[in-house]
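A.B. asks: Need a 3D model of the following:
(chains A, B and C)
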Amino acid sequence: MNKFGNKFGNKFGIVAIGLGLIAAPVAAGNRLIVPGQPVAVAKSMLTVTPAVEWNKLGARPGRNSETWTFDGDALNDLTFYGGIEPERTLFREVSKRNKPLPRVKATMLVTDIPTLVENSYRIALDTPLFTVEGMEPMAFAGKPGIRFTYSFTRPNEDLPRKGEGRGAMIDGKLYLITFEAPRLHYFDAGVASFRQVADSAKL
Amino acid sequence: MAGWMIAAALAGAALGAGASDRLAPLPPYGTAYTPTTVDERGLWQQADEAERDLRDSPAVIRDAALNAYIGKVLCRSVGEGRCRGVRVYVVRAPYFNAFMAPNGMMIVWTGALLRLRDEAELASVLGHEFGHFEMRHELKTFRRGRTIGDIIAWTGVISPYSTLPVSLIQLHFSYSRAQETEADLMGLRYLTAAGYRPLAASRIWERLMAEEDATALGRKRRVTHHYSAGFFADHPTELARATYLRETAGTDGERGDEAREAFLTAMRPWRATFLADQIKRNDFGGSEYLLGELATGHWTSDLLLTRGELYRERGNPRDLVSAAQFYQQAIDAGCTDPIAWRGLGLSLLRGQQAAAGRAALKTYLEKAPAASDRAAMAMLIGEGGVQ
Amino acid sequence: MRRGWGALAFAAALTMTATPLTAQEKTGNKPGFTLAPGTVTIVLMRPEIAVGAQSTGGAYEPNADWTDQARENLGKALAEAQGQLGNRVVTYVEPVGQGAAVAHEYRALFTALADSVQTYQFFPGNRLPTKKRDDSFLWSIGSEVASLPGVQGADYALFVTTEDHYGSTGRKLLQVFAAAAVGVGVSAGVHKGYAGLIDLKTGDLVWLNADLAMGGDVRTPEGAAKRVAQLLEGFPGKPVEAPVTSAATKTAAR
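C.D. replies: Here you go, the predicted structure:
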């Protein structure tokens, strides 16, 4: 199951596979991320240096992004967005016609990043249960940026999740790292490792 | 899906002839019904399981006052004896829908509450859904297609926002059109008997049609499906429904109670939440239409504020100019919510009006000193913050 | 997962592709774990059980009588099987109010965990690199579970999920026809289940057994006993007579 499938709950991932709409997750090519070495992420110039080992999922949520996890993206999901250009969406659109996602704008302020994440999730996951809990300034790869926290619940699951994001607008493009996990146990268990990765981001 | 699903549809044979003599007196109501056939018991059990999940779901709004009000309207519209067998759940979902399971679980989406204008309209929705429940004799003899449809319905209860495999939906849609029409007319009987204005039912459909068209236009799609044949012929088209409901209501349609004030009072604590959920759908055309419809010529400060958010979140250069105007109008109209100043400030900043934008953000922070985004806004003003 | 399986059945029915997950592993045990000696108390969380018929079109038609029978039969068989192992099985009494919501959330977390184990450890093509190593069956729902209302006094929590769609005659005919004439696989019937044991002191998943093709007709007491024996394959613990199938069972923690 890739992140994209999981974003819609397992049910829809499975249905989609059954219908042949997306490739089954064979040969997904999950890779080991070794600690202590800088690694370029999300097909971009963004590099991070993790302190512990992670798994990189073969399936990407979008063309300029990638997902890391410890135990599977339903339990802990760290996703990098490496410079989303203006008029692009945060992740792949399911239906541009019926469920268009909001687009990155060159004029976005860093405080608009949480809203973009919120609205993209609400539409892609089909849930109104998404709340931005708070935000504060925090440098991202040495540039002015933002740190924000959020919570959401996917339909079909009733498993409330917490999330934290760090992002910045750099040269008109959106750079963002998010971490999300069930609020029971998994968020607290993994958030420190996420923060370490986000702190190590360089451009 | 026994619901008010907005589906492209075909007027079709379901209407049949002689809508005028459909307003027969209400049938006698048998209480304490228990399912009899294997199929029916299976469906009830699934509905019971779904209800177990729903009971603890974070998607359900449990506010006592809101639930009490909806329960009261249901009881007035279908009668005390009838309403006792029903449990209503208000589910947070920003689309127009409501549905009823055969075990007596009724679900109303918040998107429906946002779109209804008065209590008579709410009563017509609740009555329609109750109509499905009351006419459960059909479930006793339901066919295979009905089974599939009901499974979709029950999984839909848990995942109210879902998209499903197309061919299954098609299978289902070909079965329940007649039942929808029947439930519509049953709902109309309740309305009349309860003294609500019968025309309420037809008005809802007229507005839903217009909203769908606005959504399509906003997404640069052709506006087609309401007025012609479509494959998803589950529910009669909105056009057909509006027409036969209007005709059946007849010349007395304008008489009766609307109870508009009572409805607006009950919804007041929730309107900001429902509006916020709506504009985050990224449905610019539909949201614009809906806001105009809610305003009906009188733009209140909460609608202006929401309109500002809608334009700002789309964020095209021209939108930012409009957004700033709407926020200012909201403030001029007496808006006290600090987020009006935040929106104004952010729109101006993005529109290169730095000084005015900072001033508005300062006012925001004065009005909301404990805001969760205080530090971030202070950074934009240039007061501290990590850069 | 109950609903997920339903959807899978639909999808499989629609596309007429039975999707055999090749070489799917079925059982995982936390390395080095053994059940505490003496009598342990296992709280059986309310099993998710769905039984129905599969029509020719592949649609699932729920059957309340079968489901009730299965619930009763499986409950008895589980208690009996555990009794033979010297364990005591108590049924989880669902709390009311806020406690009910927490229990609901833990059930959802367990489902997400079990899905993850199956997707990212049992399924070799998609296995996470950190889950490939020896002794790497390390999964948990967190030690906070000890404070879940209703589990105090118990040592372990047992989660059970089963789903059965019995193929109708028409469906079975279609299966034969499709295989012979068209060369596509159509599954007749769906019989799946999984069971997992959580250590209530640590929250660790000490054992999970998932099977996409189970035997035993859960509508009868004998069938339910067979199903329970399959569900409990690889159950950690005290020495028992080795199950006949144990040699064939691949185990994630090698």
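
A.B. asks: Going by C-alpha atoms from here, please, whenever you check contacts or count neighbours.
C.D. replies: Will do.

A.B. asks: The spatially most central residue of chain A in helix, strand or coil?
C.D. replies: Chain A has A:Thr79 as the residue nearest its centroid, 3.5 Å off, counting by C-alpha atoms, centre = their mean. Taken by DSSP: H, G, I helix; E, B strand; the rest coil, the conformation at A:Thr79 corresponds to strand.

A.B. asks: So what sits opposite it in the bridge?
C.D. replies: Counting by DSSP bridges, A:Thr79 is bridged to A:Thr67, A:Thr178.

A.B. asks: could you list every residue that touches it?
C.D. replies: A:Thr79 is in contact with A:65-68, A:177-179, counting by C-alpha atoms under 8 Å, 6 or more residues apart in numbering or on different chains.

A.B. asks: closest to chain C among those?
C.D. replies: Ranked by distance to chain C (C-alpha to the nearest C-alpha), those are led by A:Trp68 at 10.4 Å.

A.B. asks: and the closest one, how many residues sit next to it?
C.D. replies: Using other C-alpha atoms under 10 Å in any protein chain shown, A:Trp68 has 26 neighbouring residues.

A.B. asks: what do you get for B:Glu261?
C.D. replies: B:Glu261, neighbours per other C-alpha under 10 Å, totals 12.

A.B. asks: The closest residue to it other than its chain neighbours: how many residues sit nearby?
C.D. replies: Nearest non-adjacent residue to B:Glu261, counting by C-alpha to C-alpha, 6 or more residues apart in numbering or on different chains: B:Asp118, 7.5 Å away. Neighbour count of B:Asp118, defined by other C-alpha under 10 Å: 19.

A.B. asks: Tell me the spacing between B:Leu361 and chain A.
C.D. replies: For B:Leu361, the distance to chain A equals 12 Å [C-alpha to the nearest C-alpha, to the nearest Å].

A.B. asks: I'd like the contacts of A:Thr79 as CSV, with distance to B:Met377 and pLDDT appended.
C.D. replies: Putting these into CSV (distance: C-alpha to C-alpha, whole Å; pLDDT from 0 to 100) gives the following:
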residue, distance to B:Met377, pLDDT
A:Ser65, 28, 95
A:Glu66, 30, 95
A:Thr67, 30, 96
A:Trp68, 31, 97
A:Ile177, 21, 98
A:Thr178, 21, 98
A:Phe179, 23, 98
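
A.B. asks: what about chain A, any weak spots by pLDDT?
C.D. replies: For chain A, applying pLDDT under 70 flags the ranges A:1-28.

A.B. asks: near chain B, which residues of it show up?
C.D. replies: Within reach of chain B by C-alpha under 8 Å from any C-alpha of the partner chain, chain A has these residues: A:15, A:19, A:97, A:100-102, A:105, A:107-109, A:111, A:115, A:119, A:122-123, A:126-129, A:133-139, A:143-146, A:153, A:155-156, A:158.

A.B. asks: Turn the buried ones among those residues into a named PyMOL selection, would you?
C.D. replies: Buried residues within the residues of chain A next to chain B, by 16 or more other C-alpha atoms under 10 Å in any protein chain shown, are selected in PyMOL with:
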select buried, chain A and resi 15+19+100+101+102+105+107+108+109+111+115+119+122+123+126+127+128+129+134+135+136+137+138+139+143+144+145+146+153+155+156+158
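
A.B. asks: Quick check: end-to-end length of stretch B:186-201?
C.D. replies: 11 Å (C-alpha to C-alpha, to the nearest Å).

A.B. asks: Mind listing what's buried along it?
C.D. replies: Applying 16+ other C-alpha under 10 Å to stretch B:186-201 flags B:186-194, B:196-201 as buried.

A.B. asks: Quick check, pLDDT for B:Leu23.
C.D. replies: The model reports B:Leu23 with a pLDDT of 52.

A.B. asks: ok, of the contacts of A:Thr79, which come out buried?
C.D. replies: Buried members of these, scored by 16+ other C-alpha under 10 Å, are A:65-68, A:177-179.

A.B. asks: for those residues, which one is nearest A:Glu85?
C.D. replies: Ranked by distance to A:Glu85 (C-alpha to C-alpha), these are led by A:Ser65 at 12.1 Å.

A.B. asks: could you pull out the helices for the stretch 101-250 of chain C?
C.D. replies: Using DSSP state H, counting those that start in this stretch, the helices of the stretch 101-250 of chain C run over residues C:169-177, C:221-231.

A.B. asks: tell me what the last one is packed against?
C.D. replies: So that's helix C:221-231. Contacts defined by 3 or more C-alpha pairs under 8 Å, 6 or more residues apart in numbering or on different chains; DSSP states H and E place helix C:221-231 against helix C:64-84, strand C:190-199, strand C:205-211.

A.B. asks: And chain A, is the shortest one touching that?
C.D. replies: Think strand C:205-211. No: for strand C:205-211, no contact with chain A is found by C-alpha under 8 Å from any C-alpha; the gap never falls below 12.8 Å.

A.B. asks: Show the average pLDDT along that strand.
C.D. replies: 91.

A.B. asks: Run through the neighbouring helices and strands of it.
C.D. replies: If you count contacts as 3+ C-alpha pairs under 8 Å, 6+ apart, strand C:205-211 packs onto strand C:27-29, strand C:190-199, helix C:221-231.

A.B. asks: tell me the strands in chain A, going along the chain?
C.D. replies: In chain A, the segments counted as strands under DSSP state E are A:31-33, A:39-40, A:47-48, A:54-56, A:65-69, A:77-84, A:130-137, A:146-152, A:161-170, A:173-182.

A.B. asks: who touches the fifth one?
C.D. replies: What that stands for is strand A:65-69. A:3, A:41-43, A:54-57, A:59-61, A:73, A:76-82, A:91.

A.B. asks: what angle do it and strand A:173-182 make?
C.D. replies: Between strand A:65-69 and strand A:173-182, the angle comes out at 30 degrees (axes from the mean of the first three to the mean of the last three C-alpha atoms, to 10 degrees).

A.B. asks: got the angle for strand A:65-69 vs strand A:77-84?
C.D. replies: Using the same axes, to 10 degrees: strand A:65-69 against strand A:77-84 is 160 degrees.

A.B. asks: just the CA coordinates of strand A:65-69, formatted as CSV?
C.D. replies: The C-alpha trace of strand A:65-69 is given here as CSV (Å, rounded to 0.1, in the frame of the first residue of the first chain):
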residue,chain,number,x,y,z
SER,A,65,7.8,14.2,-2.9
GLU,A,66,8.8,11.0,-1.0
THR,A,67,7.7,9.3,2.2
TRP,A,68,9.7,7.7,5.0
THR,A,69,8.3,5.5,7.7
